[in-house]
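Engineer: Predicted coordinates and the sequence they were generated for:
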Amino acid sequence: MADEVLLKISGLKVAVDGKQILNGVDLVVNRGEVHAIMGPNGSGKSTLANALMGHPKYAITEGTVLFKGQNIFGLSPDKRAQAGMFLAFQYPTSIPGVTMVNFLRQAMKAVRGEDVPVREFREKLLATMKLLKMDEQFARRYVNEGFSGGEKKRAEILQMGILDPDLAIMDETDSGLDIDALRTVAEGINALTSPKLGIVLITHYQRLLNYITPQFVHILYQGRIIQSGGAELALQLEEQGYDPVIAKYGPALAAAGEKA
């Protein structure tokens, strides 16, 4: 199953409110691979995540996205989730009055497209929480209500474990976390990695990659991937910042924009 092409993005261009944000993104993610998408603020990282999951605000103006060989542009967000795609949000929403356990069961039902027997769901929930080293009381709390930043992100990881996707897109999962929470969340992601799962980690900083080692690192700038490499590329960014990369590739991007 590993090395099977899971996600293939070709020449993807995306506009938001009439403004072009992505200007031709190419990316291939195979099963079992972890890809980190890095870049300065405003480079298009969250736009990529939202466009992949079908947010209606993000208009695809050009290019293709194949997921497991299928063009996903005609699929609504719920159908993309049913196909095996998952998005962990940068800023998870609170849902007062809805417990985690009820939310997770309904999410599992929605993704499967059919009801989930109580016993099967409970076994899946307990096994996943044990794997993630989470207290069972966590599932009885209301979704994200009164949660710390780390707890909100752990709730996202728990949802990911319950839904068992083929592709997980993690949009700045490290945002707002202190070092202890970051380590805990990273341990949860590592616990769920498998030869079946492809992961796209979108992050601004290298610190998350101290705990999750990607096979591939890509730098997104002005809506294009301008450089790709291994985990060492993230370390280079930590030491030197984005300026050397932008100085090297920025003029070519500017020239390409003028010709367009």
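Structural biologist: It's in. Numbers count the residues shown, from 1 in each chain.
Engineer: contacts, neighbours, all on C-alpha from now
Structural biologist: Fine.
Engineer: How are the helices of this structure distributed by residue range?
Structural biologist: 45-52, 77-83, 100-112, 118-131, 149-163, 179-192, 231-240, 243-259 (DSSP state H).
Engineer: which one of those helices lies closest to Tyr58?
Structural biologist: helix 45-52 (5.6 Å; Cα to Cα).
Engineer: Show me what the closest one is packed up against.
Structural biologist: If contacts are counted by 3 or more Cα pairs under 8 Å, 6 or more residues apart in numbering; DSSP states H and E, helix 45-52 sits against strand 19-30, strand 58-67, strand 167-171, strand 198-203.
Engineer: okay, those strands in TSV with mean pLDDT and distance to Phe216 next?
Structural biologist: Output for the helices and strands packed on helix 45-52, formatted as TSV (pLDDT from 0 to 100; distance: least, Cα to Cα, whole Å):
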stretch	mean pLDDT	distance to Phe216
strand 19-30	96	9
strand 58-67	96	19
strand 167-171	95	14
strand 198-203	94	10
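Engineer: Please name the residues that touch the residue nearest the centre of the chain.
Structural biologist: In the chain, the C-alpha closest to the average C-alpha coordinate belongs to Ile169, at a distance of 1.8 Å (Cα atoms, centre = their mean). Applying Cα atoms under 8 Å, 6 or more residues apart in numbering to Ile169 gives the contacts 49, 85-88, 199-202.
Engineer: so what's it bridging to?
Structural biologist: Here Ile169 sits in beta bridges with Leu87, Val200, going by DSSP bridges.
Engineer: Distance-wise, check it relative to Asp115.
Structural biologist: According to Cα to Cα, to the nearest Å, Ile169 stands 26 Å off from Asp115.
Engineer: Ramachandran coordinates for the closest residue to Gly188 other than its chain neighbours?
Structural biologist: With Cα to Cα, 6 or more residues apart in numbering as the criterion, Gly188 has its nearest non-adjacent residue at 5.3 Å, and that residue is Leu132. Main-chain torsions, Leu132, degrees, to the nearest 10: phi -90, psi 0.
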